[in-house]
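1. Give the three-dimensional model of this entry:
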Amino acid sequence: MSNIDNYQQDIIFYKSAGSTNTQILAWLEDHGVSTSERTLERRLQAWGCRRKTNAPTSEIPISRVQHLFQVDLLSDSDITAKIAEAYTASYSQPRTNS
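-> Numbering: from 1, shown residues only. Modelled structure (predicted):
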């Protein structure tokens, strides 16, 4: 049986894309990971994932994903990591009052 931590980047990506905990738990089950919702919540908190995100799913341009897959030849996991990294960086920036 796999460990939830092996899917950290995927889970963060799905959560930031608006997936519910129930949807993520079902996805984990499909990948051989059986865990409770409370464990998922603790991991999300430990990984710095907020309950509410500011990024709607439409902010990820399909063309960007297509480019990463077709041109850069990245795997699904690598694409997930790249996009999660970009969103983590953009939403971690301190806000300034202009």
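2. Compute the number of surrounding residues for Glu37.
-> Counted by other Cβ atoms under 10 Å, the residues lying close to Glu37 total 12. (Each C-beta comes from the backbone N, C-alpha and C, glycine too.)
3. which SS class is Ala86?
-> Here Ala86 is recorded as helix under DSSP: H, G, I helix; E, B strand; the rest coil.
4. centroid residue for this protein?
-> Phe13 (1.1 Å; Cα atoms, centre = their mean).
5. isn't that residue right up against Ala86?
-> No. The pair Phe13 and Ala86 does not pass the contact test of Cβ atoms under 8 Å, sitting 10.5 Å apart.
6. For the residue nearest to the centre of the chain, give me its contacts.
-> Shown in contact with Phe13 (Cβ atoms under 8 Å, 6 or more residues apart in numbering): Thr80, Ile83, Ala84.
7. Could I get the pLDDT score of the residue lying closest to the last one once chain neighbours are set aside?
-> Think Ala84. Computed as Cβ to Cβ, 6 or more residues apart in numbering, the closest residue to Ala84 that is not its neighbour in sequence is Phe13, at 4.6 Å. You'll see Phe13 listed with a pLDDT of 86.
8. quick one: Phe13 and Glu37, what's the gap?
-> 19 Å (Cβ to Cβ, to the nearest Å).
9. Next: Trp47.
-> Trp47 is 16 Å from Glu37, where distance means Cβ to Cβ.
10. now Gln70
-> Applying Cβ to Cβ, the value for Gln70 to Glu37 is 36 Å.
11. wait, what's in contact with Thr22?
-> Glu37.
12. try 10 Å this time
-> Taking Cβ atoms under 10 Å, 6 or more residues apart in numbering, we find Thr22 in contact with Glu37, Leu40.
13. This completes my enquiry, with thanks.
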